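In: What follows is a predicted structure for the sequence shown.
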Amino acid sequence: DAKTTQPTSMDCAEGRAANLPCNHSTISGNEYVYWYRQIHSQGPQYIIHGLKNNETNEMASLIITEDRKSSTLILPHATLRDTAVYYCIVRPFGTGANSKLTFGKGITLSVRP
Amino acid sequence: GAGVSQSPRYKVAKRGQDVALRCDPISGHVSLFWYQQALGQGPEFLTYFQNEAQLDKSGLPSDRFFAERPEGSVSTLKIQRTQQEDSAVYLCASLSSGGTYEQYFGPGTRLTVT
């Protein structure tokens, strides 16, 4: 079973920020929060990951609460191409069998013109 | 550089037929994963390779599913005597061995069993 819970869906207007929440109340001390997204008919794509500090890259920002029990993925200026299913996943850092990803159902983000 | 490629992209099989799905990972990636994604669901783990060694096959749903990676690069997922419940997208991913340790996914093979 996935160790995260996400709303089923949300939408936002093009050009506005999209804030996608995730709960991971049972996260372990050695587990990171990873976000992937899956555009229709494509394989999942890595977005960002973090342990306890806020992270930012060219795609998004990740805000993790101090108790690490929840996080928010922020797409600062959503475009129509950001319409996808977004998965929040917790997993140990590194390689090996423990690095397998446990996906839930994700959250479907619909960006409207 | 080239990403993960999978072939065929689409496969239609009659129930009872055997199928073989191929994955070409990113060159140099030691770790390789297979996932199964049913319609409307998130991907589910099937099996994991480190080089040629299959270290985790706990997700394979039955003994009709078999995966191999004989030379530690290309991998093949074989399904024997296909059933309708095997209809799904089969995704392959290879893992970077540094940096973000992110998994790079192929486009998947959509298998339809009729």
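Out: Everything's here; your move.

In: Secondary structure element holding the closest residue to A:Glu31 other than its chain neighbours?
Out: Spatial nearest neighbour of A:Glu31, excluding adjacent residues (C-beta to C-beta, 6 or more residues apart in numbering or on different chains): A:Val90 at 4.5 Å. Any C-beta I mention is one placed from the backbone N, CA and C, and that applies to glycine too. Counting by DSSP states H and E, the secondary-structure element that holds A:Val90 is strand A:84-92.

In: how about low-confidence regions in the chain?
Out: You didn't pick a chain, so chain A it is. The model of chain A has pLDDT under 70 over residues A:1-2.

In: my question was about chain B
Out: Short version for chain B, where the test is pLDDT under 70: B:1.

In: Can you show me the strands along it?
Out: Using DSSP state E, the strands of chain B run over B:5-7, B:10-13, B:19-24, B:31-37, B:44-50, B:53-56, B:65-68, B:75-79, B:88-95, B:103-105, B:109-113.

In: Report the separation between A:Pro113 and B:Ala2.
Out: Per C-beta to C-beta, to the nearest Å, A:Pro113 is found 34 Å from B:Ala2.

In: One more: B:Leu46?
Out: Applying C-beta to C-beta, one obtains 23 Å for the distance of B:Leu46 from B:Ala2.

In: more neighbours, the two?
Out: Neighbours were tallied for B:Leu46 and for B:Ala2 using other C-beta atoms under 10 Å in any protein chain shown; the higher tally belongs to B:Leu46 (22 against 8).

In: who are the neighbours in contact with the more buried one?
Out: Contacts of B:Leu46 were listed using C-beta atoms under 8 Å, 6 or more residues apart in numbering or on different chains, and they are B:33-36, B:57, B:59-61, B:65, B:67, B:77, B:90.
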